[in-house]
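1. Provided below for reference: sequence and predicted model.
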Amino acid sequence: HQVLERQPYSFEHKILAKAEKDFLTDKIGVKRFLSELGRSEVYLNAFYHNSSNMKFLELCFKHFLGRAPLSQEEIKHYCDIMMYEGVAAMITAILDSEEYRKAFGCFTVPHPRQLRCYESPKAYTESHLLNCEHVGQRGRSIPTIYWHQLGLTCDGGVCRPPEAEGFVDSSVPTEALTRLLALLQSTQPEKALAALSTEHKALLRRAIG
């Protein structure tokens with residue numbers, strides 16, 4: 001329930017029947033069961049097939065580590081695993097991480113948690129927002145770390161800039177928008193975004209909204 005964010009449907013119980021039986025008879029532990037669940041069509045249909053890769057990665061952090069990704073470097077590390085080795089390998093990497101071992105061990109089901117310290121107040125806020133978010137509440141495309149940086153309002157499932165009713169010059173060439181979007185993949189997106197003008201931030205919001 002904590003990982004799926006709901007009770008499994010009856011047909012999903014059939015898909016998970018073997019893993020559930022092995023877990024209930026102590027043949028596998030919590031971590032192994034989570035690995036089976038994360039790679040199953042039940043989990044993938046609920047969160048992977050209808051989400052962007054980055055949003056899915058964020059949801060995996062929420063479900064298996066109890067927090068939001070803390071940095072662009074962390075996102076890139078796990079995105080690379082997902083792109084080059086597959087979704088199953090990425091979930092395995094999270095479950096095999098030292099952080100998971102220290103936080104949950106072999107017998108505790110992952111749950112929302114607070115770290116002893118955060119890199120910034122923003123990092124704390126993003127984890128809090130994500131852990132309180134129900135499925136699809138802020139859409140399935142833009143992860144919290146990005147919509148929060150851009151000042152987007154995503155409640156209701158659709159991300160919009162606060163000045164959505166305002167005018168933004170539509171004559172800006174596609175190349176300019178492409179360069180702005182490339183900032184999301186820069187090594188220091190926070191600094192790059194902070195340097196943007198108000199107009200450019202508005203254009204970037206519109207481009208990804």
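-> Cool, got the structure.

2. distance check, the most centrally placed residue in the chain against Phe47.
-> Nearest residue to the geometric centre of the chain (CA atoms, centre = their mean): Glu58, 1.2 Å. Applying CB to CB, to the nearest Å, the value for Glu58 to Phe47 is 10 Å. Heads up, the C-betas are built off the backbone N, CA and C, glycines and all.

3. okay, domains of the protein per the record?
-> Domain ranges of the chain: 10-130, 174-208, per automatic domain parsing.

4. stretch 76-84: which residues count as buried?
-> Residues of stretch 76-84 classed as buried by neighbour count (16 or more other CB atoms under 10 Å): Tyr78, Cys79, Ile81, Met82.

5. let me know the closest of these to Ile15.
-> Lowest distance from Ile15 to those (CB to CB) belongs to Met82, with 22.1 Å.

6. next one: phi and psi at the residue nearest to the closest one when sequence neighbours are not counted?
-> Leaving aside its sequence neighbours, Met82 sits nearest to Met90 (CB to CB, 6 or more residues apart in numbering; 4.1 Å). Torsion angles at Met90 (phi, psi; degrees, to the nearest 10) stand at phi -70, psi -40.

7. how long is stretch 45-60 from one end to the other?
-> For stretch 45-60, the separation between the terminal residues is 13 Å (CA to CA, to the nearest Å).

8. with stretch 136-155 instead?
-> End to end - CA to CA - stretch 136-155 spans 9 Å.

9. could you pull out the helices for this protein?
-> Counting by DSSP state H, the chain has helices at residues 10-15, 17-24, 30-39, 41-43, 53-65, 72-85, 87-95, 98-104, 121-131, 144-150, 174-182, 189-194, 198-208.

10. poorly predicted segments of the chain, please.
-> 119-120, 162-209 (pLDDT under 70).

11. got a list of what the closest residue to Thr125 other than its chain neighbours touches?
-> Closest residue in space to Thr125, ignoring its immediate chain neighbours: His148 at 7.1 Å, by CB to CB, 6+ apart. Residues in contact with His148 (CB atoms under 8 Å, 6 or more residues apart in numbering) are Lys122, Thr125, Glu126, Leu129.

12. all set, thanks.
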